[in-house]
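Chemist: A predicted structure for the sequence below; I have some questions about it.
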Amino acid sequence: MATIDIIKEVLSDNLDIEPETVTIESTFDSLGIDSLDMVELICDLEDKCDVDFGEPEGLVTIGDLVTYIDSL
């Protein structure tokens, strides 16, 4: 499964964000994702993708998140 699809699934399951509204260009702000949601999202993605995020910085868009995960 592509990283973007995993992110869409987690956002849909945990934050009730419609997958079709999530694009590479979507910002976390535009999706209504606050800092607490972001912590939860990262924890869920660590489990689902079997990666350790560490302390990611500068993530503004879904595309930034995809690139970061794919680089791990």
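Modeler: Cool, got the structure.

Chemist: ok, and what's touching the helix or strand of the chain with the lowest mean pLDDT?
Modeler: The helix or strand of the chain with the poorest confidence is helix 35-49; it has a mean of 94 (mean pLDDT, DSSP states H and E). Applying CB atoms under 8 Å, 6 or more residues apart in numbering, the external contacts of helix 35-49 come out as 3, 6-7, 9-11, 14-15, 28, 33, 51-53, 56, 65, 69, 72. Where you see a C-beta, it was placed from the backbone N, CA and C, and this is true even at glycine.

Chemist: Just the buried ones among the residues you listed, please.
Modeler: Buried members of the contacts of helix 35-49, scored by 16 or more other CB atoms under 10 Å, are T3, I6, I7, V10, L11, F28, I33, L65, I69.

Chemist: Export these as TSV, with columns for secondary structure and distance to E40.
Modeler: Output for the buried ones among the contacts of helix 35-49, formatted as TSV (DSSP: H, G, I helix; E, B strand; the rest coil; distance: CB to CB, whole Å):
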residue	secondary structure	distance to E40
T3	helix	18
I6	helix	15
I7	helix	13
V10	helix	9
L11	helix	10
F28	coil	12
I33	coil	9
L65	helix	14
I69	helix	16
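
Chemist: Export these as a markdown table, with columns for distance to T21 and pLDDT.
Modeler: Below are the buried ones among the contacts of helix 35-49 laid out as a markdown table (distance: CB to CB, whole Å; pLDDT from 0 to 100):
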| residue | distance to T21 | pLDDT |
| --- | --- | --- |
| T3 | 17 | 95 |
| I6 | 16 | 97 |
| I7 | 12 | 97 |
| V10 | 14 | 97 |
| L11 | 9 | 97 |
| F28 | 13 | 97 |
| I33 | 12 | 97 |
| L65 | 15 | 97 |
| I69 | 20 | 95 |
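
Chemist: Pick the one among these closest to E20.
Modeler: For the buried ones among the contacts of helix 35-49, the minimum distance to E20 (CB to CB) is 11.2 Å, reached by L11.

Chemist: tell me the contacts of that closest one?
Modeler: Taking CB under 8 Å, 6+ apart, one finds I17, P19, V22, L31, I33, L41 in contact with L11.
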